[in-house]
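*Asks:* need a 3D model of the following:
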Amino acid sequence: ESLNNQSKKAQEQIIMSKNVYRSWNATLLYENTAPEQDTSSKGEQSMTSVKIKDLDLNSILKASTTIAEETNQSKLFEKMMEIVVENMGATKAILVISSDQEHSIQAEFLDGKINVMGGVLLEDVIEDLNYPTSIINYVIRTKKDIILESVNKSNLFSSDTYFIKNKVQSVVCHPLINQQNLMGVMYIENNLSENLFNEKRVEVLHLLSAQMTISLNNLLLYENLENAVNERTKQVVNQSEIIEHKTKEIYDSINYAKNIQFATMPDKKDLNNLFEDSFVLYKPKDIVSGDFYYFTELPSGEKVIVAADCTGHGVPGALMSVIGSFALNIIINSQGVSDPSEILSQLQLNISRAFSHSKTPINDGIDLTICLIDTENTIHCSGAMNGAVVIDNEGVLTYLLPDRVPIGGTRANDHRFTTNSIAPGKGSMLYMMTDGYQDQFGGEKGKKFRKKELYQTFQDIRKLSAEDQYLTLNTKFNAWQGNEEQLDDVLVIGIKI
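*Replies:* Predicted structure coming up:
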């Protein structure tokens, strides 16, 4: 009778276990639990009649694939817990992750639910009887499996307060190790049955944990890479903001420099006060320009006009143009020099003095044309690398040759500049220009406009009003340039005598 009672109790335990495993969705354990026995049959029955079939490699492979495909931290922890619970039949499970000498609880299975906790430090729950911190810390220290088929019979933890309070029956505490590095700890318990975590079930856990540690390591590498990318992106954004701020400061400074440069040159409209029919086509390549113009009327009634091209363009050219404008104003208005050749000589002297203290050789200079129109409408012209064009009423074009010596070079120090004079008659046109217009690339073949084409354009427009000449030259330049980048600063001055 005693044996029959024991057998009956064993069958009740099996039925209860199967129901519990079914509720956990622990299919592997449910299918491998021994079928219920007929209590009326004779013979001895073991109270622990739980068998494990050969390892289900397909299920393990499927579980490993599921883990390997996950790159999201929270979802990876959740899937790890799902697979452990399904294959091990846990009533409670805890996942601890180790990082930078800290160990934190990342996920917990309890009361049939998985909770991803987001990282609770193990040391913060050391006194909490809801967590088996003693055995987990033991595995962290030793990096070895702890398998307690019967907690009550264990020499190590039978008196542990957590196990006594929670009436734990079977325990597996497994270190997750990758290349001798501790990645974490998987704690699994069952408080319904002893001898549940035998050799084959633990082997399943080992097989699964191999993929878990690889996935954890990959996740760590991915997070480190992502953090590095985010940090680098942050640095790039910060650098971009700094560059943007610096660029704005530079552009603000250049725009202010533009105001200063224009302040040193006379207003283009004032040229009409000196000559009734005249124009200035001025197209800087950049915000500021290396080309500049200058005109003034002397007390004698003579009028001086200058078209200048400083070496380069942009800021360096603009700085040279400011120096040149100030120097011309002093030479012509303060010192009263009116002869074009003498103005060039004095300008060379002023430029040389301006750069005399520089320890670095200054190779920049100025190519320019200076014309003096006297009260008889005779044009007196001197040039340093730049000449002028005169077209009379008959359409005859005369090019007033410059000296082939630039202002600013050492060759000009002892050079005596020459002056060409011409009296073309009333209604003739004087054109002064820099090389920006003629050197512009464009057209169908992407070639330079050329000096010859520019002079022919002057011939074609000479009888038009100054305003129409300006519009024609500007329109023609833009059409020729097309999609090409503007090569240089452009300056063309036209005056009807």
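
*Asks:* which positions in stretch 438-455 come out as buried?
*Replies:* 438, 440-443, 449, 454-455 (16 or more other CB atoms under 10 Å). For every residue, glycine as well, the C-beta is placed using N, CA and C.

*Asks:* for stretch 74-87, same thing?
*Replies:* 76-87.

*Asks:* what's the offset of it from the middle of its chain?
*Replies:* 39 Å (CA atoms, centre = their mean, to the nearest Å).

*Asks:* from Leu397, how far off is Lys452?
*Replies:* 11 Å (CB to CB, to the nearest Å).

*Asks:* ranges for the helices of the stretch 51-200 of the chain?
*Replies:* All helices of the stretch 51-200 of the chain, identified by DSSP state H, counting those that start in this stretch, fall at 57-68, 73-88, 133-142, 161-166, 199-264.

*Asks:* can you list the buried residues in the shortest one?
*Replies:* This points to helix 161-166. Of the residues in helix 161-166, those buried (16+ other CB under 10 Å) are 162-163, 166.

*Asks:* ok, Pro424 - contacts?
*Replies:* Shown in contact with Pro424 (CB atoms under 8 Å, 6 or more residues apart in numbering): 379, 390-393, 398, 430, 497.

*Asks:* do you know the pLDDT at the residue nearest to Ile94 when sequence neighbours are not counted?
*Replies:* The shortest distance from Ile94 to any non-neighbouring residue, by CB to CB, 6 or more residues apart in numbering, is to Tyr187 (4.2 Å). Per-residue confidence (pLDDT) for Tyr187: 95.

*Asks:* show me what contacts Thr65?
*Replies:* So Thr65 contacts nothing (CB under 8 Å, 6+ apart).

*Asks:* now swap in the one 5 residues further on and tell me
*Replies:* Taking CB under 8 Å, 6+ apart as the definition of contact, the neighbours of Glu70 are 76, 79, 215.

*Asks:* one more time with 6 Å
*Replies:* Taking CB atoms under 6 Å, 6 or more residues apart in numbering, we find Glu70 in contact with 76, 79.

*Asks:* show me the beta-bridge partners of Thr369.
*Replies:* For Thr369, the beta-bridge partners under DSSP bridges are Ala307, Gly383.

*Asks:* right, I mislabeled it, should have said Tyr399
*Replies:* Beta-bridge partners, per DSSP bridges, of Tyr399: Val389.

*Asks:* that one: how many residues sit nearby?
*Replies:* Here the number of neighbours of Tyr399 (other CB atoms under 10 Å) works out to 13.

*Asks:* now Ser154, nearest residue through space, not along the chain?
*Replies:* Spatial nearest neighbour of Ser154, excluding adjacent residues (CB to CB, 6+ apart): Leu148 at 4.8 Å.

*Asks:* gap between the one you found and Lys268?
*Replies:* Leu148 is 98 Å from Lys268, by CB to CB.

*Asks:* who has more neighbours, the two?
*Replies:* Leu148 (22 against 16).

*Asks:* residue contacts, Leu487?
*Replies:* 439-440.

*Asks:* is it in a helix, a strand, or coil?
*Replies:* coil (DSSP: H, G, I helix; E, B strand; the rest coil).

*Asks:* if we can go back for a sec, quick check, nearest of the buried residues of stretch 438-455 to Lys234?
*Replies:* Here the nearest of the buried residues of stretch 438-455 to Lys234, counting by CB to CB, is Phe441; it sits at 42.9 Å.

*Asks:* that older thread, redo the contacts of Pro424 as JSON lines? Include distance to Ala107.
*Replies:* Putting the contacts of Pro424 into JSON lines (distance: CB to CB, whole Å) gives the following:
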{"residue": "Ile379", "distance to Ala107": "94"}
{"residue": "Val390", "distance to Ala107": "93"}
{"residue": "Ile391", "distance to Ala107": "92"}
{"residue": "Asp392", "distance to Ala107": "98"}
{"residue": "Asn393", "distance to Ala107": "99"}
{"residue": "Thr398", "distance to Ala107": "95"}
{"residue": "Leu430", "distance to Ala107": "90"}
{"residue": "Ile497", "distance to Ala107": "95"}
